[in-house]
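>>> sequence? don't have it. structure:
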């Protein structure tokens, strides 16, 4: 066959032969490509600690299904491939191709591509807003039609940011039969919930809240008072929620879950009216009706006394001596509720922290140590060197609410309240039994992070309660009655003195 092609080529003129060779070499070079897979992926084997640093903006991986897997998959009714990307830092983004690395070849699948968003709309599935998904978990569920797939992770900075930030992430791939009926004896998963039962557990209230303080809304807590350096966190164990039955709660308490807690001071990023994330927002129409004009002296250190009275919804905060402190996050959240990017969206700031994934929470937030105190670190590398501290569900540190509601309580210390400090707080839960069940990995899940603001002590005019008004009214009525009695007695005495005086004058006459 090779001799045939040589003889055929020799029959062509010289220029034709040169053109043929050039085209052939070009096709070979194109087929080889300049971007090649750096690692091979295996099913159900997480790849952790992957990084895009030092100007490297893409990393390509090759997944080649084994012959054994192919023989098994061809008998499935609806074979699917699940690809999950968990960011730890930065904005890694997921693309897949069947031809080669997506940065050089046609991208067949891309998370939140136009096609994916349109398909979600047609299927009446929720579509995340533009600010919600960058820097967050990305998953692709695709049909298994090929033996080989090229999966690429790219640095994809959020809108409005031109500089690349280092990205770190974990990558997981597995195959499942979507139409199969999962049973306890069947190893083949039928949905992503089978692969991540803890992460996708439902129903489960994942909100972290604060105990013994006035409620400031979902995901926000306020500290303060005599025990401002002690904060009691509350959260449900996996599967817990307000409507859980007593029998289901009793079963939850038997589970072998352990928890690690993380905190990060973001006071500088929240800032005041001159520095921080929200300075540009204060001059917009969103704040026009709740804050004074920019050229006004009201709600400034020059004239702060009337700010809380004249503009009670304005997020500016001042101490007794009119020193400006960090903005009030509850008022900020209310003011930005209808903004294009709300308060929570501005806190998804993966350039500095990733408080919404397991690895991001552990890498970018400060851990709570075995003494239940916050350990502060300056770099992610310093945090990486510290192993998580796990509190057992049945241990002495975590206690269930005394009212039996089922929420876990944990007291933590080390929070500062000198400048209305703001903290991100989150919890990671680990299923100790999952490693034995899967034989390959221990499953973790992360809660929804809470924004906690400590309140700097300052003098505030005490607010009167109904009992106080009753006392004031009682005292006023009593005092009024005493005055009336005094006046009446004085009038009577005066009248009697006048009568005695008149009698004396008559007797002298």
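Ah, there it is. Owing to the predicted nature of the structure, the values given are computational and were not obtained by experimental measurement. Numbers count the residues shown, from 1 in each chain.
>>> Any buried residues in stretch 109-119, and which?
109, 110, 111, 112 (16 or more other Cβ atoms under 10 Å). Where you see a C-beta, it was placed from the backbone N, CA and C, and this is true even at glycine.
>>> can you redo the residues you listed as JSON lines with distance to residue 355, pLDDT and secondary structure?
As requested, the buried residues of stretch 109-119 are exported to JSON lines (distance: Cβ to Cβ, whole Å; pLDDT from 0 to 100; DSSP: H, G, I helix; E, B strand; the rest coil):
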{"residue": "109", "distance to residue 355": "28", "pLDDT": "96", "secondary structure": "strand"}
{"residue": "110", "distance to residue 355": "26", "pLDDT": "95", "secondary structure": "strand"}
{"residue": "111", "distance to residue 355": "21", "pLDDT": "95", "secondary structure": "coil"}
{"residue": "112", "distance to residue 355": "21", "pLDDT": "92", "secondary structure": "coil"}
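>>> Columns distance to residue 123 on top of these, output as JSON lines?
JSON lines is the format used below for those (distance: Cβ to Cβ, whole Å):
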{"residue": "109", "distance to residue 123": "16"}
{"residue": "110", "distance to residue 123": "17"}
{"residue": "111", "distance to residue 123": "16"}
{"residue": "112", "distance to residue 123": "15"}
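>>> Just give me the closest of those to residue 394.
Of all the buried residues of stretch 109-119, residue 111 has the smallest distance to residue 394: 39.2 Å, by Cβ to Cβ.
>>> residues contacting the closest one?
Taking Cβ atoms under 8 Å, 6 or more residues apart in numbering, we find residue 111 in contact with 85, 93, 94, 95, 133, 138, 139, 140.
>>> ok, of those, which come out buried?
Buried members of the contacts of residue 111, scored by 16+ other Cβ under 10 Å, are 85, 93, 94, 95, 133, 138, 140.
>>> follow-up on the earlier one: hmm, which two among the contacts of residue 111 are most spread apart?
Those two in those that are separated most widely, counting by Cβ to Cβ, are 95 and 133, at 14.2 Å.
>>> Could you pull out the strands in the stretch 151-300 of the chain for me?
For the stretch 151-300 of the chain, the strands defined by DSSP state E, counting those that start in this stretch occupy 167-177, 209-210, 220-222, 230-235, 257-265.
>>> low pLDDT regions in this structure?
1-34, 54-55, 158-163, 181-188, 212-228, 402-404, 435-440, 458-465, 468-469, 502-509 (pLDDT under 70).
>>> Tally up the residues packed near residue 378, please.
Neighbour count for residue 378, taken as other Cβ atoms under 10 Å: 8.
>>> Just to be sure, it is in a helix?
No: counting by DSSP: H, G, I helix; E, B strand; the rest coil, residue 378 falls outside a helix, being coil.
>>> Let me see the contact set for it.
Here residue 378 is in contact with no residue (Cβ under 8 Å, 6+ apart).
>>> For it, give its distance to residue 366.
10 Å (Cβ to Cβ, to the nearest Å).
>>> can you check residue 334 too?
In terms of Cβ to Cβ, residue 334 sits 28 Å off from residue 366.
>>> who has more neighbours, these two?
The neighbour comparison of residue 334 against residue 366 (other Cβ under 10 Å) goes to residue 366, with 21 against 15.
>>> Specify the beta-bridge partners of the more buried one.
As for beta bridges, residue 366 partners with residue 263 under DSSP bridges.
>>> same deal with residue 174?
Residue 174 has the following beta-bridge partners by DSSP bridges: residue 82.
>>> Isn't it up against residue 191?
No: contact criterion Cβ atoms under 8 Å: residue 174 and residue 191 do not qualify, at 11.1 Å.
>>> And those two? Which one has more around it.
Using other Cβ under 10 Å as the criterion, residue 174 and residue 191 rank with residue 174 on top: 19 against 16.
>>> Residue 106: neighbouring residues, count only.
By other Cβ under 10 Å, 9 other residues sit near residue 106.
>>> okay, now residue 500: neighbour count?
Using other Cβ under 10 Å, the number of residues around residue 500 comes to 10.
>>> Could you give the backbone dihedrals for it?
Backbone geometry at residue 500, expressed as degrees, to the nearest 10, gives phi -60, psi -40.
>>> so who does it touch?
Taking Cβ under 8 Å, 6+ apart, we find residue 500 in contact with no residue.
>>> Show me which residues of stretch 302-322 are buried.
Buried positions in stretch 302-322, judged by neighbour count with 16+ other Cβ under 10 Å: 304, 307, 308, 311, 314, 315, 316, 317, 318, 319.
>>> Let me see the residues that make contact with that stretch.
Outside stretch 302-322, the residues that reach it (Cβ under 8 Å, 6+ apart) are 272-273, 278, 282, 287, 290-292, 297-299, 301, 324-329, 331-332, 334-335, 420, 456, 458-459.
>>> ok, back up a step: tabulate the contacts of residue 111 in JSON lines, adding columns for secondary structure and distance to residue 211.
JSON lines is the format used below for the contacts of residue 111 (DSSP: H, G, I helix; E, B strand; the rest coil; distance: Cβ to Cβ, whole Å):
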{"residue": "85", "secondary structure": "strand", "distance to residue 211": "35"}
{"residue": "93", "secondary structure": "strand", "distance to residue 211": "39"}
{"residue": "94", "secondary structure": "strand", "distance to residue 211": "39"}
{"residue": "95", "secondary structure": "strand", "distance to residue 211": "44"}
{"residue": "133", "secondary structure": "coil", "distance to residue 211": "32"}
{"residue": "138", "secondary structure": "strand", "distance to residue 211": "35"}
{"residue": "139", "secondary structure": "strand", "distance to residue 211": "34"}
{"residue": "140", "secondary structure": "strand", "distance to residue 211": "40"}
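>>> Format those residues as TSV; extra columns: distance to residue 451.
Formatted as TSV, those follow (distance: Cβ to Cβ, whole Å):
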residue	distance to residue 451
85	25
93	26
94	28
95	33
133	20
138	24
139	26
140	31
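>>> Relative to residue 482, which of the residues you listed is nearest.
Nearest to residue 482 among those is residue 133, at 71.8 Å by Cβ to Cβ.
>>> backbone phi and psi for that closest one, please?
The phi and psi values for residue 133, taken as degrees, to the nearest 10, are phi -90, psi -30.
>>> Would you confirm that it contacts residue 112?
Yes: applying Cβ under 8 Å, one finds residue 133 in contact with residue 112, separated by 5.5 Å.
>>> Relative to residue 429, how far out is residue 390?
10 Å.
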